[in-house]
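Q: sequence first, predicted coordinates after that:
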Amino acid sequence: MVEQNVRLAVKYAERAYVMDKGQIVHEGTAQALREDEALLQRYLVV
């Protein structure tokens, strides 16, 4: 799934990737993404 709504995507995903300017800057579990406040603030601003 490719989704820009982060809350929806991590609700259903097992793995998550975050891209910035065409480069993957995060790869891991959706749980890890939900728990990484710095990553959320920097790239996702949820």
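A: Structure's in. What do you need? Residues are numbered from 1 along each chain as shown.

Q: now do stretch 26-39, average pLDDT.
A: Stretch 26-39 shows a mean pLDDT of 90.

Q: just the strands in the chain please.
A: Counting by DSSP state E, the chain has strands at residues 15-20, 23-29.

Q: tell me which of those sits most buried.
A: Burial of these is given as mean neighbour count (mean count of other CB atoms under 10 Å); strand 15-20 ranks first at a mean of 14. Where C-beta positions appear, they are placed from N, C-alpha and C, glycine not excepted.

Q: elements contacting that strand?
A: strand 23-29, helix 30-35 (3 or more CB pairs under 8 Å, 6 or more residues apart in numbering; DSSP states H and E).

Q: contacts for the shortest one, please.
A: Same thing as helix 30-35. For helix 30-35, the surrounding residues in contact (CB atoms under 8 Å, 6 or more residues apart in numbering) are Ala9, Val10, Ala13, Glu14, Arg15, Ala16, Val18, His26, Leu39, Leu40.

Q: rerun at 10 Å
A: Helix 30-35 is touched from outside by 6-7, 9-18, 26-27, 29, 39-40, 43-44, 46, with contacts defined as CB atoms under 10 Å, 6 or more residues apart in numbering.

Q: mind listing what's buried in it?
A: Ala30, Leu33, Arg34 (16 or more other CB atoms under 10 Å).

Q: grab the CA positions of it and hand them over as PDB.
A: What follows is helix 30-35, C-alpha atoms only, in PDB (Å, rounded to 0.1, in the frame of the first residue of the first chain):
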ATOM      1  CA  ALA A  30       5.000   0.100  11.600                       C
ATOM      2  CA  GLN A  31       5.200  -0.100  15.400                       C
ATOM      3  CA  ALA A  32       8.700   1.300  15.300                       C
ATOM      4  CA  LEU A  33       7.500   4.100  13.100                       C
ATOM      5  CA  ARG A  34       4.700   4.900  15.500                       C
ATOM      6  CA  GLU A  35       7.100   5.100  18.500                       C
END
